[in-house]
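A.B. asks: pasting the sequence and the predicted coordinates here, then a few questions.
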Amino acid sequence: MTSSLGLDGIKARQQKTWASGDYGAVAALIHPMSESLVQAADLTAGSRVVDIATGTGNAAIAAARCLCDVTGVDYVPELLERGRARAQAEHLPVTFVEGDAEALPCRDGEYDAAFSVVGIMFAPDQEKSAAELTRVVRSGGTIGMANWAPDGFIGELFRTVGRRVPPPPGVRAPVEWGSEPRLRELFGDRVRDLRVTRRDFVFRFGSPDDFADYFRVHYGPTLKAFEALDDDNGKLLHADLVDLATRYNVATDGTAKIPSAYVEVLATRV
């Protein structure tokens, strides 16, 4: 059991991690996950929607394209600025607000729908963030998530990096949010009609080496892992990532097509 003080320290480090590199470059690749989730939720124009741990605004922008009244919340100001720029470029009226997924700056039942796409799953206190996610949705409203699966490519990526740079002790793995039993445990009786659909997102790169280089430069958690290692161990981690991408690669033309399993989650607030 990790103390609240310990979780606060982990959260502060996470903020710096997500602000490092260029998460917007990674978010741009996985934007189709948000479009898929929002379409599956079958929103009504004018619905009040919040995208929690919005990052650079993928799900917020997808919902705004459905002419919803959208707010995006994240605790990394640098990512919010990117989200604002994206929304403005598309002339979409999204409001971006700084806030913590474990203590949302939102009223009880304020929204008709709440989404989080590979966002809330990284909050250190899973129970608290699940409670907040459900708290801000009205009775009968929609909760939607997309979470990396424990047994998929990204789940294996986290374990691969963790063998070189261990995660903080006492914190549950983010990919537990990709497990239906854990989702049912976290949501409890606050939701009904929980639907968990397994999907694959396919990363596409010029080669497995290109994947390793891209994630080393752009993806904050991987970048920070490399920064924590000396040159020799950094080379070993790079080789680990190339090997991982090679094992999951389904392309036969020398490029890389890497399916990464995730779960698309929809539920109705009780």
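C.D. replies: Sure, I can see it.
A.B. asks: quick one, strands of the stretch 51-200 of the chain?
C.D. replies: Ranges of strands within the stretch 51-200 of the chain are 69-74, 95-98, 111-117, 137-148, 191-205, based on DSSP state E, counting those that start in this stretch.
A.B. asks: ok, the first one: who's next to it in the sheet?
C.D. replies: Read it as strand 69-74. strand 48-52 (parallel), strand 95-98 (parallel) (DSSP bridges).
A.B. asks: nearest to Arg84, out of the strands of the stretch 51-200 of the chain?
C.D. replies: strand 95-98 (5.2 Å; C-beta to C-beta). Where C-beta positions appear, they are placed from N, C-alpha and C, glycine not excepted.
A.B. asks: all helices of the stretch 101-250 of the chain, in order?
C.D. replies: 126-135, 153-164, 180-187, 208-218, 220-227, 231-248 (DSSP state H, counting those that start in this stretch).
A.B. asks: and of those, who's closest to Glu81?
C.D. replies: helix 220-227 (15.5 Å).
A.B. asks: next one: the closest one to chain centre, how far?
C.D. replies: Here helix 220-227 is found 17 Å from its chain centre; the criterion is C-alpha atoms, centre = their mean, to the nearest Å.
A.B. asks: outside of it itself, list whatever touches it.
C.D. replies: Here helix 220-227 makes contact (C-beta atoms under 8 Å, 6 or more residues apart in numbering) with 17-21, 23, 157-158, 161, 164-165, 215-217, 234, 237-238, 241.
A.B. asks: now do that helix against helix 231-248, angle only.
C.D. replies: Between helix 220-227 and helix 231-248, the angle comes out at 140 degrees (axes from the mean of the first three to the mean of the last three C-alpha atoms, to 10 degrees).
A.B. asks: buried ones in helix 220-227?
C.D. replies: 220-226 (16 or more other C-beta atoms under 10 Å).
A.B. asks: thinking again about what came up before, can you redo the strands of the stretch 51-200 of the chain as TSV with distance to Gly6, mean pLDDT and mean neighbour count?
C.D. replies: Below are the strands of the stretch 51-200 of the chain laid out as TSV (distance: least, C-beta to C-beta, whole Å; pLDDT from 0 to 100; neighbours: other C-beta atoms under 10 Å):
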stretch	distance to Gly6	mean pLDDT	mean neighbour count
strand 69-74	22	99	26
strand 95-98	23	99	16
strand 111-117	23	99	28
strand 137-148	24	99	22
strand 191-205	29	99	15
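A.B. asks: mind putting the ones you listed in CSV, distance to Ala87 included?
C.D. replies: Below are the strands of the stretch 51-200 of the chain laid out as CSV (distance: least, C-beta to C-beta, whole Å):
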stretch, distance to Ala87
strand 69-74, 8
strand 95-98, 8
strand 111-117, 15
strand 137-148, 19
strand 191-205, 23
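A.B. asks: these: which one's closest to Ile52?
C.D. replies: Among the strands of the stretch 51-200 of the chain, strand 111-117 comes nearest to Ile52, with 4.5 Å by C-beta to C-beta.
A.B. asks: give me the angle between that closest one and strand 48-52.
C.D. replies: Going by the same axes, to 10 degrees, strand 111-117 makes 30 degrees with strand 48-52.
A.B. asks: ok, residues contacting strand 111-117?
C.D. replies: 30, 33-34, 37-38, 41, 43-44, 47-53, 58-59, 63, 68, 71, 101, 133, 136-138, 141-146.
A.B. asks: could you redo the last one with a cut-off of 7 Å?
C.D. replies: Contact partners of strand 111-117, identified using C-beta atoms under 7 Å, 6 or more residues apart in numbering, comprise 33-34, 37-38, 41, 43, 47-53, 58-59, 63, 133, 136-138, 141-146.
A.B. asks: any idea which residue sits dead centre in the protein?
C.D. replies: The centre of the chain sits closest to Val118, judged by C-alpha atoms, centre = their mean, with a distance of 1.6 Å.
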